[in-house]
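> My questions concern the predicted model and sequence given below.
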Amino acid sequence: MGDASEPRSGCPINAAVEVFGDRWSLLILRDIIFGGRRYFRELQANSMEGIASNILADRLKRLVDAGLLTREDARPGQRARYSLTEPAIQLVPVFAQLGSWGIRHRPADAELRAGAELLEQGGPTLWQEMMDELRRAHLGSDISPRSPERARDA
């Protein structure tokens, strides 16, 4: 994935792909965003694609290092919980668009296809509602970073 602070080129698409563009990182973010999974064992046990534990550990570390996840330090005997950051939450529209492309051009499971279709049909209004809910669950806030309330407080 490369060093998040120094992309290989000045291209914005390249810069984004270097941070979250490998297959496993996107699937981990998908499972946290849409599956509500926050712990290592949940992510591994419920992976539809069968992610290996060493790959999962590596990608979680990379996503934390890239600023897309935070890792709550666990006390002995407790599991570490992962939370989305604001940049990761703002990937919801990207996932919606990827799903829209996928249902048009690739075979998909009927149930999972239906979820992608609902996300597509809900459009930006649904995406914003989802992002606000993720902010409440992961950041403890329901205010969008571009909302009037946030602008007034700045």
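Perfect, thanks for sending it. Note that the structure is a prediction, hence the values are computed from the model and not measured.

> Contacts only, for the residue nearest the centre of the chain.
Most central in the chain under CA atoms, centre = their mean is Leu29, positioned 3.2 Å from the mean C-alpha point. Residues near Leu29 by CB atoms under 8 Å, 6 or more residues apart in numbering: 20, 63, 68, 84, 88, 91, 95. Where you see a C-beta, it was placed from the backbone N, CA and C, and this is true even at glycine.

> so it is in which element?
Assigned by DSSP states H and E, Leu29 belongs to helix 23-35.

> Tell me the buried residues in that helix?
24-34 (16 or more other CB atoms under 10 Å).

> want to try JSON lines for those, with pLDDT as columns?
Below are the buried residues of helix 23-35 laid out as JSON lines (pLDDT from 0 to 100):
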{"residue": "Trp24", "pLDDT": "95"}
{"residue": "Ser25", "pLDDT": "95"}
{"residue": "Leu26", "pLDDT": "94"}
{"residue": "Leu27", "pLDDT": "95"}
{"residue": "Ile28", "pLDDT": "97"}
{"residue": "Leu29", "pLDDT": "97"}
{"residue": "Arg30", "pLDDT": "95"}
{"residue": "Asp31", "pLDDT": "96"}
{"residue": "Ile32", "pLDDT": "97"}
{"residue": "Ile33", "pLDDT": "97"}
{"residue": "Phe34", "pLDDT": "95"}
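
> Please consider this matter closed, and thank you.
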